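> Let's see this in three dimensions:
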Amino acid sequence: MKIPSAITHSKISIIYALAYCFERASYYGMRVLIVLLMVDSTFAFTRAKALSIYGFFALFVVLGKVLGAIFGDLVLGNKKAILLGGVLQALGCFALCIETSIGLYLGMGLVIIGSGLFSSNTLAQFGKQYFNKPKLLDAGFTILFIAINIGSFVGATTTSRLGIIDYSYGFVASGLFVLIATVFVYFINDKPKVVNFNFEKIEVNKAFFYVLVVVVFSGIFWMIYENSSFSISLIQNAVFANTESIPKSVLIAGLSSFIG
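Prediction:
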């Protein structure tokens, strides 16, 4: 029995899920190595300084998604924002290969902007594929989040192994992951779905402030989470316990990525 196309997942939605899978592989792969890079001999940051920088990085990644969504919806368009974000995120990963302060901060900044543009607008484009299939929306996002978890696992595993050889190899792999994701999106031939908003009827009321509070506190929550018990204990074990059986880069953030 043939299932009507109206109630099946489109090829475009699957491609967007694959693109997000590779982008998450890039982000979590980069995240595995970033703190180790800061505490290694090149920078020799203290644990407190490295964790502080990483905490602010995690906060700005969350806030970057909000700004990326606004920019994609109101200025550039979702698909163009995805392509721009993918390029910027790849450049950020490659910049981290330059083991100088400029390379470090420039790389993190580009990853924040690029990830914000890519991830938020990919979610928007993915959701648009279900405008006429609301009954499949939950199933569609289940597929998307499965892709996200697969991507984070593959990215963290791959870059951690490459990081054992050289940090630059891991960051290059992260950059290539997001470029692959960008290529997926570039070749999607979907017609833009336009949603008309009547801005004259939009009022700044309590709902606006509720949303603002949620956004701010979600950013603070993730900043604290990234530096809380589990992550800190992994960093301490990786950097200071001379663990021989498990690669340090896997300990520091790989496991955190797998469960996050």
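
> And whichever strand or helix holds residue 107, what does it pack against?
Applying DSSP states H and E as the criterion places residue 107 in helix 101-128. Counting by 3 or more CB pairs under 8 Å, 6 or more residues apart in numbering; DSSP states H and E, the packing neighbours recorded for helix 101-128 are helix 11-39, helix 47-71, helix 78-95, helix 137-165, helix 167-186. Every residue, glycine included, has its C-beta placed from N, CA and C.

> and if we set it to 7 Å?
helix 11-39, helix 47-71, helix 78-95 (3 or more CB pairs under 7 Å, 6 or more residues apart in numbering; DSSP states H and E).

> export those helices to CSV and tack on mean neighbour count and distance to residue 186?
What follows is the helices and strands packed on helix 101-128, written out as CSV (neighbours: other CB atoms under 10 Å; distance: least, CB to CB, whole Å):
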stretch, mean neighbour count, distance to residue 186
helix 11-39, 25, 9
helix 47-71, 18, 18
helix 78-95, 24, 6
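
> which phi and psi does residue 45 have?
Torsion angles at residue 45 (phi, psi; degrees, to the nearest 10) stand at phi -70, psi 150.

> low pLDDT regions in the chain?
Scanning the chain for pLDDT under 70 picks out 1-7, 190-208, 210, 215, 218-219, 221-260.

> how about 50 then?
1-6, 197, 199, 202, 229-230, 232-233, 235-236, 238-260 (pLDDT under 50).

> burial measure for the residue lying closest to residue 67 once chain neighbours are set aside, as a count.
Nearest residue to residue 67, sequence neighbours excluded (CB to CB, 6 or more residues apart in numbering): residue 116, at 5.9 Å. Counted with other CB atoms under 10 Å, the neighbours of residue 116 add up to 27.

> can I assume residue 97 is in contact with residue 172?
Yes. Using CB atoms under 7 Å, residue 97 makes contact with residue 172 at a distance of 6.4 Å.

> Could you look up the SS state of the closest residue to residue 42 other than its chain neighbours?
Closest residue to residue 42 apart from its sequence neighbours, by CB to CB, 6+ apart: residue 99 at 4.5 Å. Look at residue 99: counting by DSSP: H, G, I helix; E, B strand; the rest coil, its state is coil.

> May I have the phi/psi pair for residue 99?
phi -80, psi 70.

> Next one: it from residue 220, what distance?
30 Å (CB to CB, to the nearest Å).

> Report the contact partners of residue 87.
Contacts for residue 87 (CB atoms under 7 Å, 6 or more residues apart in numbering) come out as residue 182.

> what's near enough to touch the residue nearest to residue 93 when sequence neighbours are not counted?
Of all residues not flanking residue 93 in the chain, residue 175 sits nearest, at 3.6 Å (CB to CB, 6+ apart). Going by CB under 7 Å, 6+ apart, residue 175 touches 26, 90, 93, 94.

> likewise residue 148?
Here residue 148 is in contact with 20, 21, 24 (CB under 7 Å, 6+ apart).

> Pull up the gap between the second one and residue 167, please.
Read it as residue 21. 24 Å.

> swap in residue 104?
11 Å.

> Check residue 39 too.
12 Å.

> repeat for residue 45
Residue 45 is 14 Å from residue 167, by CB to CB.

> These two: which has the busier surroundings?
Comparing residue 45 with residue 167 by neighbour count (other CB under 10 Å), the higher total belongs to residue 167, at 21 against 18.

> Run through the residues that contact the spatially closest residue to residue 91 that is not a sequence neighbour.
The shortest distance from residue 91 to any non-neighbouring residue, by CB to CB, 6+ apart, is to residue 110 (5.2 Å). With contacts defined as CB under 7 Å, 6+ apart, residue 110 is in contact with 88, 89, 91, 92, 95.
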